[in-house]
Every structure is written in C-alpha cells, then in structure tokens.
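Chemist: Sequence and predicted structure are below.
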Amino acid sequence: MPETLETSVLVVGAGPVGLTLAMDLARRGVSVLVVEIRHQGEAPNVKCNHVSARSMEIFRRLGVSSALRNSGLPADYPNDVAYRTTVTGAELSRIPIPARQDRYTARGGPDTDWPTAEPPHRINQIYLEPVLFAHAQGCPGLRILNRTRIDDVTQDDGHAFATGIDLDSGAPVRIRCDYLVGCDGGRSMVRTRIGATLQGTAVVGRVQSTYFRAPSLLGLLRHTPAWATFALNPRRCGNVYAIDGRATWLLHNYLNADETEFDSVDRDWAIRTILGVGADFQYEILTKEDWVGRRLVADRFRDRRIFICGDAAHLWIPMAGYGMNAGIADAMNLSWQIAARVKGWGGDAVLSGYEAERQPITEQVSQFAMKHALALQKQREEVPANIEAADEEGERARAHAGQALYDLNVNQYCCGGLNFGYFYDHSPLIAYDGEAAPSYSMAGFTPSTVPGCRTPHFWLEDGRSLYDALGDDYTLLRLDRGIDTRALEQAAQQRGVPLRVLDIDTPAAHGLYRHRLVLSRPDQHVAWRGDELPADALALVDRIRGAGSA
Ligand SMILES: Cc1cc2nc3c(=O)[nH]c(=O)nc-3n(C[C@H](O)[C@H](O)[C@H](O)COP(=O)(O)OP(=O)(O)OC[C@H]3O[C@@H](n4cnc5c(N)ncnc54)[C@H](O)[C@@H]3O)c2cc1C
C-alpha cells in the first residue's frame with residue numbers, strides 16, 4: 001500500500017478555478033493539496049482572454065490582482081473590440097475598452113464607470129495561469145503536486161479518498177481528506193464519480209480555431225489595433241484576438257450550421273479570408289484549438305463530501321467570456337462554506353449553500369451566452385452582400401452593420417450584469433426579507449442590498465474601496481453609529497462565527513443602502529439587512545451559518 005497523504009481539502013486540477021479555490025482556502029487557514037496532471041509551468045490551451053471585474057475583485061482580495069494587471073498585452077495596447085469587413089479591411093465600429101495602463105483612470109466608456117475597485121482585464125489564459133500558479137505556490141498551507149493524475153474518488157461518513165498515479169515515477173498515489181473538490185475541467189472524472197450529468201444543449205456551434213504567429217499582421221492593419229477584431233463579410237466571418245500584442249493571434253472561424261466537421265472548411269483559406277490578406281502573407285500555425293460551443297450545466301454540484309466546480313460543473317459557449325469567470329465565482333462561494341465547516345462554525349447545512357446558490361446562476365449565465373451566440377449567428381447569416389462596395393450604398397450598409405454590431409456586442413464585452421447583477425434567491429444561508437432582487441441582463445444591473453445580492457460597492461471617505469475594508473468573513477455595515485449591535489456580535493461570538501462591525505460614515509453609501517444595518521458575507525454578498533437587530537440574534541446567526549432558519 002502506498003503512503004496515504006492527508007489534507008483537509010483536496011482540489012483535483014490546477015486550472016484557474018482550482019488555483020483560486022486553493023488560494024482562498026489557504027488564506028482562510030485551511031490546509032489544501034492541489035493535484036495536477038500537467039508539469040509545473042506547462043502552459044494551458046490558449047482559450048480564455050477576458051478576466052471579469054468580479055474575478056479581479058476576488059484576485060485583489062487574494063493579493064494577486066496587481067501581478068495579473070501587469071501581465072498580458074503591452075500596457076498601451078488597445079483593449080478595444082473592433083468590427084471590420086476583414087481584419088485588415090474597413091472599420092465598421094469599435095467598442096472602446098481602455099488599455100491596461102489607463103484601466104483605473106479612463107472614464108466615459110461602456111465599462112469604465114462600474115462600481116468596483118477592479119475593472120475587467122484582458123489577458124490570455126497562457127499568461128494568467130502562471131501568475132496564479134506562482135502566487136499559489138507562495139501561500140502557506142497550500143501544496144501542489146504536479147504530474148499526478150487522480151483516477152478515482154470515493155467517500156465514507158468521515159472522509160473522502162482519492163487514488164491516482166505519479167506520472168513520472170509510475171508510483172500509486174493515495175490521498176485522504178475531509179473534502180474533495182473536482183476542478184478537473186470539462187471532461188471531469190470527479191463529475192462522473194459523483195453521478196452528476198451535464199444537461200442542456202450539446203452543440204450550439206462549432207468553431208475552427210487557430211493560434212498562429214504572424215509578426216507582419218500589425219503592420220498591415222488600416223486602423224488602430226484592437227484586442228478583438230471581428231471580420232464581417234459574405235465570404236467568411238471570424239474573430240481574431242491579440243495574444244501577445246505583437247506577433248501572436250488566436251483566430252476563431254465560426255462554422256455554419258451545415259459545416260459539421262472542423263475540417264469542412266479549408267483552414268488556410270478561412271484564415272486568409274478573415275484577415276483579408278493574399279497568398280504572400282506569411283504565418284505559422286502554433287496550435288489548432290478547434291472547439292464545440294455547448295450549453296451544459298451539471299444536474300448536481302455535490303455528493304456529500306465531494307464537490308465539482310468550474311468547467312467540471314458547467315460548460316458553455318464563450319460569449320461574454322464568462323466560463324472561467326463563473327468558475328472563479330463558484331470557487332469563492334464554495335471556499336468560505338468549506339472553511340466554515342472545517343473551522344467548526346459552519347452548521348450541518350452550510351455546505352448545501354453551494355449548489356443551491358451557484359447552480360441557478362450558472363444556468364442563467366449559460367442561457368445568456370447561448371442566446372447571444374444565436375443572435376451573433378443570425379448577424380453573420382445576414383451580412384449585406386454589398387458591405388465592401390466602394391459606393392454610397394456600401395457606405396450605408398457598413399454604417400448600419402457597424403451600429404448593429406456595436407449594439408449587440410457591447411452587451412457581451414461589457415457584461416456588467418454577469419459581473420454584478422446576479423443574486424442568490426433560494427439559499428438556506430441567507431435571511432430574506434420579502435423584497436425581490438432587481439432583475440439583471442447580460443449587461444444591465446442595479447446594485448442592491450436585497451439579501452442575496454452582491455454587497456454594493458462604494459468608495460469610503462478615506463479613499464479605500466469598501467471591499468478592502470471588509471473583513472475576510474462576515475462584516476456588519478453600520479450606517480448609524482447610534483445602533484447598539486452588541487447582541488449580534490455576542491450571538492456570533494457564541495457560535496464562533498467571525499464577525500466584525502464596520503461603521504460607514506460615507507454620504508454616498510446612504511443613497512445605495514436603504515437600511516441602517518447590512519450584513520455582508522465572506523463572499524461579499526448580503527446575508528441580512530435591517531434597521532434594527534432582529535429580536536432573536538442567535539437565530540439569525542444560525543441561519544447564516546447553516547444551522548437553522550430565521
Ligand atoms: C475559445 C475559448 C475561449 C474562452 N474564453 C473565455 C474567456 O474569455 N473568459 C472566461 O471566463 N472563460 C473563457 N473560456 C472558458 C475557460 O477557458 C474555462 O472556463 C476555464 O479554463 C475553466 O477553468 P477550470 O479551472 O474549471 O478548468 P480547466 O482550465 O480545464 O483546468 C482543469 C485542470 O484539471 C487538470 N486535470 C484534469 N483531470 C485531472 C485529473 N484526473 N487529475 C489531476 N488533474 C486533472 C487539467 O490538467 C487542468 O489543468 C473560454 C473557452 C474557450 C474554449
């Protein structure tokens with residue numbers, strides 16, 4: 001029998017979601033082991049390019065947002081989204097998104113005035129993951145085993161177990177833990193083992209995708225470069241993402257419904273047509289990244305001590321760039337609930353919060369993404385035949401298409417609703433008061449203190465972000481220093497629930513917060529609010545810690 005490794009939490013998979021979960025658990029004082037098939041430093045696939053504001057808020061809390069912000073595209077490379085007839089052709093419209101050097105100061109754009117200390121960031125996953133990995137490696141209480149594959153997971157009443165293999169030595173690996181989280185991606189073994197199945201639409205669309213090097217492309221552009229450039233013409237539509245801002249690019253050729261194989265379309269022809277370049281254009285394919293757009297969410301996220309998180313639990317077409325970002329939100333949600341249990345203050349029901357809260361949200365995001373993908377498909381199918389014509393009619397067609405492209409796509413590239421609008425409305429860990437949360441769309445949101453919503457952000461009078469002033473655990477925001485909050489503080493202390501009180505004197509907060517007391521959870525969502533403490537403060541504490549109802 002191999003030696004059994006022991007840890008409080010085992011995370012299977014060191015992708016962005018597993019690393020975020022592990023870092024947050026470690027920060028909460030929980031010992032965590034991460035097991036990953038890949039070599040240390042082995043790059044992931046060149047997939048994700050957008051890190052949401054909400055994810056950046058989470059990374060700020062983990063102390064890694066500055067390192068991420070300073071990585072990726074050159075500091076002055078435009079992060080805009082451009083719509084053109086071809087990548088080197090005429091520009092139809094442009095969604096302005098500040099370059100990272102201007103990200104904190106730019107104003108007046110569609111995503112520049114959001115209520116957050118951390119605006120979105122454009123960085124490819126190949127640059128993001130090494131930064132997360134390096135940070136995780138430095139976290140006390142967090143261990144990472146690379147080149148190790150987990151092949152099976154089981155559990156009994158007291159523990160979860162994992163067995164696998166050290167891929168270099170061939171030695172068997174056996175791990176015992178209190179809780180196990182499968183962050184093992186779309187083909188998740190853990191998902192299968194807990195009997196979860198993906199539900200939804202297996203194929204929304206196919207994309208022939210190519211990562212290539214072409215140092216001459218920047219010099220051929222007729223317009224200012226952009227982070228994403230969409231080509232719309234009757235021959236072939238596609239999207240090109242700048243990866244290093246110099247020579248490397250990722251090109252998505254969206255296949256038509258009747259092109260059912262990735263090779264249904266000649267790759268070289270499609271690349272040249274989308275770019276708008278001739279036979280003399282030189283490029284080198286680095287990898288082929290073909291992918292199927294899906295809309296799938298697992299029918300369960302947990303079986304007792306074992307959970308699934310990120311792509312293991314949901315997969316959808318990357319419209320709005322929100323697959324990883326939703327997984328990072330899963331991690332933030334699950335982390336404090338597991339920590340509460342490990343630390344002993346979480347009640348029996350605290351771990352049921354994760355599935356009750358996150359599954360409906362991921363279902364909602366998946367629907368937004370699919371709806372957007374179908375609307376885009378329609379736009380591609382309806383390209384005016386004269387969009388490249390050098391006459392007045394062509395001019396009109398370009399102006400019209402440019403406006404339509406802007407109007408549709410500003411919702412996905414500046415998706416404020418997905419960042420800030422979602423709310424947990426059927427949670428066993430939230431004390432509701434009967435008011436419905438404001439509805440949200442992909443782009444639209446209304447900050448609200450309705451229990452379940454994200455704690456509305458504002459800047460404190462001393463210039464700090466509210467989120468920098470919130471504790472790691474529960475924070476009772478007191479907007480009236482005259483209220484005696486000791487009964488709630490004592491109730492929390494009695495149950496071992498970490499809670500601190502933060503007095504808010506900022507006038508700006510009073511418009512946003514209609515109640516004099518707002519209780520913010522460890523994941524910056526509202527757990528309760530009121531103008532005075534409830535008569536039974538202990539019952540409230542029991543509700544939010546998953547040990548009763550209030
Ligand atoms: C073209 C494209 C563009 C995208 N763009 C965006 C975007 O802009 N924004 C966004 O938010 N999302 C985007 N996504 C989605 C995003 O890439 C994924 O959601 C994200 O990678 C999921 O992270 P994860 O950690 O859950 O899983 P993964 O990144 O898949 O990581 C899983 C890890 O687990 C490891 N592993 C698997 N099985 C085992 C095992 N048995 N034992 C040990 N280790 C194991 C794997 O090696 C891997 O490292 C995009 C996806 C595609 C295809």
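Modeler: Received, thanks.

Chemist: Up against the ligand, what does this structure have?
Modeler: Remark: the part of the chain in contact with the ligand comprises 12-18, 35-38, 44, 47-50, 125, 149-150, 183-185, 189, 291, 310-311, 318, 321-325, 327, using CB under 6 Å from any ligand atom. The C-beta positions use only the backbone N, C-alpha and C, and glycine is treated the same way.

Chemist: Which of those residues fall within strands?
Modeler: Judged by DSSP state E, those include 12, 35, 50, 149, 150, 291 as members of strands.

Chemist: Let me see the ranges of the helices in the stretch 401-550 of the chain.
Modeler: When secondary structure is read from DSSP state H, counting those that start in this stretch, the stretch 401-550 of the chain shows helices at 416, 466-469, 486-495, 507-512, 537-544.

Chemist: what packs against the fourth one?
Modeler: Of the remaining helices and strands, none touches helix 507-512 by 3 or more CB pairs under 8 Å, 6 or more residues apart in numbering; DSSP states H and E.

Chemist: Name the member of the ones in strands among the residues of the chain next to the ligand with the most neighbours.
Modeler: Most neighbours among these, by other CB atoms under 10 Å: residue 12, with 30 neighbours.

Chemist: what's the pLDDT at that one?
Modeler: Looking at residue 12, its pLDDT stands at 99.

Chemist: so what's it bridging to?
Modeler: Residues in a beta bridge with residue 12, per DSSP bridges, are residue 35, residue 182.

Chemist: ok, it - contacts?
Modeler: For residue 12, the residues meeting the contact criterion (CB atoms under 8 Å, 6 or more residues apart in numbering) are 18, 35, 150, 153, 162, 180, 181, 182, 183, 184, 189, 190.

Chemist: which ones are touching the third one?
Modeler: Contacts for residue 150 were tallied using CB under 8 Å, 6+ apart; they are 12, 35, 162, 163, 164, 173, 175, 184, 189, 190.

Chemist: what's the closest of the residues you listed to the ligand?
Modeler: Comparing those against the ligand with CB to the nearest ligand atom places residue 184 closest, at 3.6 Å.

Chemist: ok, for the closest one, nearest residue in space, not its chain neighbours?
Modeler: Nearest in space to residue 184, with sequence neighbours left out and distances taken as CB to CB, 6 or more residues apart in numbering, is residue 13 at 4.0 Å.

Chemist: Distance of that neighbour relative to residue 466?
Modeler: Residue 13 is 32 Å from residue 466, where distance means CB to CB, to the nearest Å.

Chemist: do residue 535 as well
Modeler: If you measure residue 535 against residue 466 using CB to CB, the figure is 29 Å.

Chemist: Name the residue in those two with the higher neighbour count.
Modeler: When neighbours are counted by other CB under 10 Å, residue 466 comes out ahead of the other of residue 535 and residue 466, with 24 against 8.

Chemist: burial count for residue 390?
Modeler: Residue 390: 9 surrounding residues under other CB under 10 Å.

Chemist: And for residue 506?
Modeler: The burial metric for residue 506, expressed as a neighbour count using other CB under 10 Å, is 16.

Chemist: Look up phi and psi at it.
Modeler: Geometry field for residue 506 lists phi and psi as phi -70, psi 120, criterion degrees, to the nearest 10.

Chemist: Next up, identify which helix or strand residue 5 is on.
Modeler: Secondary-structure element containing residue 5, defined by DSSP states H and E: strand 4-12.

Chemist: Correct me if wrong, but residue 143 is in a strand.
Modeler: Yes: under DSSP: H, G, I helix; E, B strand; the rest coil, residue 143 sits within a strand.

Chemist: Can you give me the pLDDT of it?
Modeler: pLDDT recorded at residue 143 is 98.

Chemist: can you check residue 550 too?
Modeler: On the pLDDT scale, residue 550 is placed at 46.

Chemist: Kindly report the same for residue 1.
Modeler: Turning to residue 1, the model gives it a pLDDT of 66.

Chemist: ranking the helices of the stretch 401-550 of the chain by burial, who's on top?
Modeler: Most buried of the helices of the stretch 401-550 of the chain by mean neighbour count (mean count of other CB atoms under 10 Å) is helix 416; its value is a mean of 24.

Chemist: Quick check, the residue in the stretch 151-300 of the chain closest to the ligand?
Modeler: Counting by CB to the nearest ligand atom, the stretch 151-300 of the chain gets nearest the ligand through residue 185, at 2.7 Å.

Chemist: Can you tell me how far that residue is from residue 541?
Modeler: For residue 185, the distance to residue 541 equals 37 Å [CB to CB].

Chemist: cool, and residue 19?
Modeler: The span separating residue 19 from residue 541 equals 32 Å under the rule CB to CB.

Chemist: Also residue 42?
Modeler: The gap separating residue 42 from residue 541 is 45 Å, by CB to CB.

Chemist: same question, residue 376
Modeler: Here residue 376 is placed at a distance of 47 Å from residue 541 (CB to CB).

Chemist: and if you look at residue 402?
Modeler: Summarising the geometry, the distance separating residue 402 from residue 541, computed by CB to CB, is 55 Å.

Chemist: Just the ones in helices from the contacts of residue 150, please.
Modeler: Among those, the subset assigned to helices under DSSP state H consists of 189, 190.

Chemist: Would you show me how to pick out the buried ones of the contacts of residue 150 in PyMOL?
Modeler: In PyMOL, the members of the contacts of residue 150 classed as buried (16 or more other CB atoms under 10 Å) are selected with the following command:
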select buried, resi 12+35+162+164+173+175+184+189+190
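
Chemist: for this structure, where's the lowest mean pLDDT among helices and strands?
Modeler: Evaluated with mean pLDDT, DSSP states H and E, the helix-and-strand set of the chain has its lowest mean pLDDT in helix 507-512, which scores a mean of 88.

Chemist: low pLDDT regions in the protein?
Modeler: Screening the chain residue by residue with the criterion pLDDT under 70, one finds the ranges 1, 549-550.

Chemist: which residue is nearest the middle of it?
Modeler: For the chain, the residue lying nearest the average C-alpha position, counting by CA atoms, centre = their mean, turns out to be residue 325 (0.5 Å).

Chemist: separation between the residue nearest to that one when sequence neighbours are not counted and residue 114?
Modeler: Sequence neighbours aside, residue 52 is the residue nearest to residue 325 in space, at 4.1 Å (criterion: CB to CB, 6+ apart). According to CB to CB, residue 52 and residue 114 sit 10 Å apart.

Chemist: which neighbours do these two share?
Modeler: Common contacts of residue 52 and residue 114, defined by CB under 8 Å, 6+ apart, comprise residue 419.

Chemist: Any idea how far the strand or helix carrying residue 269 is from the middle of the chain?
Modeler: Assigned by DSSP H and E, residue 269 belongs to helix 267-275. The chain centroid and the centroid of helix 267-275 are separated by 31 Å, computed with CA atoms, centre = their mean, to the nearest Å.

Chemist: In it, which residues are buried?
Modeler: Of the residues in helix 267-275, those buried (16+ other CB under 10 Å) are 267, 270, 271, 272, 273, 274, 275.

Chemist: Please put the alpha-carbon coordinates of it into PDB.
Modeler: Taking C-alpha atoms only, helix 267-275 is exported to PDB below (Å, rounded to 0.1, in the frame of the first residue of the first chain):
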ATOM      1  CA  ARG A 267      -8.200  26.400 -42.700                       C
ATOM      2  CA  ASP A 268      -5.700  28.400 -44.700                       C
ATOM      3  CA  TRP A 269      -8.400  29.900 -47.000                       C
ATOM      4  CA  ALA A 270     -10.500  30.800 -44.000                       C
ATOM      5  CA  ILE A 271      -7.600  32.400 -42.200                       C
ATOM      6  CA  ARG A 272      -6.600  34.500 -45.200                       C
ATOM      7  CA  THR A 273     -10.200  35.500 -45.900                       C
ATOM      8  CA  ILE A 274     -10.900  36.600 -42.300                       C
ATOM      9  CA  LEU A 275      -7.600  38.500 -42.200                       C
END
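
Chemist: Okay then, goodbye and thanks.
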